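Visitor: need coordinates for the following:
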Amino acid sequence: MMKNIKPDGRLYLLPTTLGSFDTIHRVIPDYNTQIIHGLEIFIVEQVRTARRFLSNLKHPANIDKLVFYELNKHTPESEVFSYLDSIKDGISIGLLSEAGTPCVADPGAVVVKMAQERGIQVIPLVGPNSIMLSLMASGFNGQNFVFHGYLPVDKHQLSKKLKEIEQVAYRTDQTQIFIETPYRNNQLFSSILKACSPNTLLCIATDITLPTEIIQTLPLSIWKPKKFDFHKKPTVFLIYRP
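Guide: Numbers count the residues shown, from 1 in each chain. A predicted model of the protein is given here:
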């Protein structure tokens with residue numbers, strides 16, 4: 001039987017699943033669950049998703065009695081500063097990602113910055129990270145890589161950016177990693193095919209850790225005739241030289 005851990009005055013960074021909570025016991029370590037069961041205050045991107053995650057982890061407390069501070073692009077930084085106040089009283093807080101690992105392509109970094117400035121101990125916990133998992137499975141250079149986040153939406157700027165990062169991949173032997181809002185994945189895929197050389201290698205990693213997972217590396221010349229649909233599926237794109 002697992003024992004809950006009652007940590008004192010720390011900020012825990014809590015990864016979540018990358019999609020369906022059906023995978024929760026495969027991708028979230030038992031140690032994480034012990035820590036989470038001992039926490040009652042959480043900083044989250046969306047309260048609804050956080051509540052569902054904690055319910056699926058069978059948090060022993062009444063979910064309605066837990067405290068949730070919401071952190072997203074609309075949250076004023078001055079308000080975020082107060083989220084950490086309970087730590088000075090020895091009460092630990094969990095920073096919960098919306099999907100995957102906190103603070104990587106995630107707004108939680110502002111909280112960690114404040115915690116570091118205030119001398120608060122920050123403890124990252126192990127969990128699924130789509131960027132690292134896609135890099136691991138791509139066959140590309142894992143010692144020299146860059147994550148660009150989101151590329152420009154404007155078609156002209158996007159094409160220019162794709163050509164730039166392709167050139168960097170060839171010149172520096174560096175893996176280029178980027179993502180897109182899931183409903184624009186197909187448009188990005190089409191733009192890559194148009195902007196980059198047929199010899200360039202593209203890895204597409206979609207629905208990572210889910211039953212529908214696909215991670216495949218091919219030259220663009222072979223990707224081109226394939227009829228893949230990545231619409232609304234969480235996807236990571238990686239470009240590398242042949």
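
Visitor: for stretch 80-90, buried residues please.
Guide: V80, Y83, L84, S86, I87 (16 or more other Cβ atoms under 10 Å). For every residue, glycine as well, the C-beta is placed using N, CA and C.

Visitor: got it, and stretch 108-122?
Guide: G108, V111, V112, M114, A115, I120.

Visitor: which residues touch the last one?
Guide: Contacts of I120 were listed using Cβ atoms under 8 Å, 6 or more residues apart in numbering, and they are G9, R10, L11, L84, I87.

Visitor: the same query, at a cut-off of 10 Å, please.
Guide: G9, R10, L11, L84, I87, K88, S92, I93, V111, V112, M114 (Cβ atoms under 10 Å, 6 or more residues apart in numbering).

Visitor: just say helix, strand or coil for the fifth one.
Guide: Classification of I87 using DSSP: H, G, I helix; E, B strand; the rest coil returns helix.

Visitor: repeat that for the third one.
Guide: For L11, the assignment made with three-state DSSP gives strand.

Visitor: am I right that it is in contact with V122?
Guide: Yes. Contact criterion Cβ atoms under 10 Å: L11 and V122 qualify, at 4.9 Å.

Visitor: avg pLDDT for the lengthiest helix in the chain?
Guide: Secondary structure assigned by DSSP state H gives helix 155-172 as the longest helix of the chain. For helix 155-172, the mean pLDDT works out to 98.

Visitor: before we move on, back to that, just put the buried residues of stretch 108-122 in TSV and tack on distance to V126, secondary structure and pLDDT.
Guide: Formatted as TSV, the buried residues of stretch 108-122 follow (distance: Cβ to Cβ, whole Å; DSSP: H, G, I helix; E, B strand; the rest coil; pLDDT from 0 to 100):
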residue	distance to V126	secondary structure	pLDDT
G108	16	coil	92
V111	19	helix	95
V112	16	helix	96
M114	23	helix	94
A115	19	helix	95
I120	20	coil	95
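
Visitor: quick one: which of these is nearest to A195?
Guide: G108 (32.2 Å; Cβ to Cβ).

Visitor: what count of nearby residues applies to F140?
Guide: 23 (other Cβ atoms under 10 Å).

Visitor: now do the one 4 residues further on
Guide: Residues lying near N144 (other Cβ under 10 Å) number 11.
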